[in-house]
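Asks: need coordinates for the below:
(one chain, ligands or ions: 1)
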Amino acid sequence: MLTCKQFLQELNDFLDDTLDPKQKAELQRHVTECPNCWVVYDTTEKTIKVFKGMEPQAVPQHIQARLMEAIEKKCHSRRAAASEKLDA
Ligand SMILES: [Zn+2]
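Replies: Have a look, this model is predicted:
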């Protein structure tokens, strides 16, 4: 099972369609199970489409970093108790 962090790290490749079919399937499953990442995925995909209207371009690094930060905060606050052992 992917973590949100892993998902976000692979998101660019996922949207560029450069992942292995296996990885792609895992990311696809994560968006169906994780509302937070689905929102990021959906927003990023739309952003990329807008950019691609001008020229091919990945999501700017600073935007990706900010999204990742926001998601991590959400996941941590929600699962703080349960994931303490895993984070150690
Ligand atoms: Zn997630």
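Asks: and the nearest residue to residue 47 once chain neighbours are set aside, helix, strand or coil?
Replies: In space, and not counting its chain neighbours, residue 47 is closest to residue 59: 6.3 Å by CB to CB, 6 or more residues apart in numbering. Heads up, the C-betas are built off the backbone N, CA and C, glycines and all. Three-state assignment for residue 59 (DSSP: H, G, I helix; E, B strand; the rest coil): coil.
Asks: tell me the confidence at residue 59?
Replies: Confidence at residue 59, expressed as pLDDT, is 73.
Asks: how close does it get to residue 68?
Replies: Noted for residue 59: a distance of 11 Å to residue 68, by CB to CB, to the nearest Å.
Asks: check residue 23 too.
Replies: 18 Å.
Asks: over to residue 15?
Replies: 15 Å.
Asks: now residue 7
Replies: 10 Å.
Asks: which of the two has more neighbours?
Replies: residue 7 (22 against 17; other CB atoms under 10 Å).
Asks: where does pLDDT dip in the protein?
Replies: Within the chain, the stretches with pLDDT under 70 are 54-58, 79-88.
Asks: using CSV, write out every CA atom in stretch 34-53.
Replies: Taking Å, rounded to 0.1, in the frame of the first residue of the first chain, the C-alpha atoms of stretch 34-53 are listed here in CSV:
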residue,chain,number,x,y,z
CYS,A,34,-7.6,8.4,-0.5
PRO,A,35,-9.8,11.5,-0.9
ASN,A,36,-6.9,13.8,0.0
CYS,A,37,-4.7,12.5,-2.8
TRP,A,38,-7.6,12.4,-5.2
VAL,A,39,-8.1,16.1,-4.8
VAL,A,40,-4.4,16.7,-5.4
TYR,A,41,-4.4,14.4,-8.4
ASP,A,42,-7.5,16.0,-9.8
THR,A,43,-6.2,19.6,-9.3
THR,A,44,-2.7,18.7,-10.6
GLU,A,45,-4.1,17.0,-13.7
LYS,A,46,-6.2,20.1,-14.5
THR,A,47,-3.2,22.4,-13.9
ILE,A,48,-1.1,20.3,-16.2
LYS,A,49,-3.7,20.4,-18.9
VAL,A,50,-3.8,24.2,-18.6
PHE,A,51,0.0,24.3,-18.9
LYS,A,52,0.1,21.9,-21.8
GLY,A,53,-2.2,24.2,-23.7
